[in-house]
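Participant: Fold the following and give me the result.
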Amino acid sequence: MEERVDYLPLGSVVIVHGGVKKYVIVARGLQLKINGDYKLFDYGACTYPEGMMGDRLMYFQASDINKVVFKGYTDDDERIMVDNIQKAMESLDVERADVRRLKQSMSCLLYTSPSPRD
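Facilitator: This is a model prediction of the structure:
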């Protein structure tokens, strides 16, 4: 069984490993379809200070966080929500996404894609 994630509150600002850009957490406990398979992600975030630009989000795992710059607001409702997310994530029979592996495979796909001019 995987270790339970201690989710950061919405509004938390983080920096992920290998980067310097800040991201604001706007979603937690996500199931996304990638290349035909469902994968679990701990977080969805938008860039800081730009905020949402269209529908683009950065998806990552708790283990991908290098630094928490700011921790969002927490109250009893937040604690109940985190408990619900944790229970839901544990009940799903879906593989947790390996962000580094996905990033490499997407880079390979982008690199081998033909030019629009071809």
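
Participant: For the rest of this, base every contact and every neighbour count on C-alpha atoms.
Facilitator: Noted.

Participant: all helices for the protein, in order.
Facilitator: Counting by DSSP state H, the chain has these helices, from start to end: 76-91, 99-112.

Participant: looking at these, which has the lowest confidence?
Facilitator: When the helices of the chain are compared by mean pLDDT, helix 99-112 comes last with a mean of 52.

Participant: Can you give me the neighbour number for Met89?
Facilitator: Taking other C-alpha atoms under 10 Å as the criterion, the count of residues near Met89 is 20.

Participant: And the one 4 residues further on, by the same measure?
Facilitator: As a burial measure, Asp93 scores 10 neighbours (other C-alpha under 10 Å).

Participant: Leu32 and Val13: what is the separation?
Facilitator: As defined by C-alpha to C-alpha, to the nearest Å, Leu32 lies at a distance of 22 Å from Val13.

Participant: and those two? which has more neighbours close in?
Facilitator: Remark: of Leu32 and Val13, Val13 carries more neighbours, 23 against 14, as counted by other C-alpha under 10 Å.

Participant: I am finished for the moment; much appreciated.
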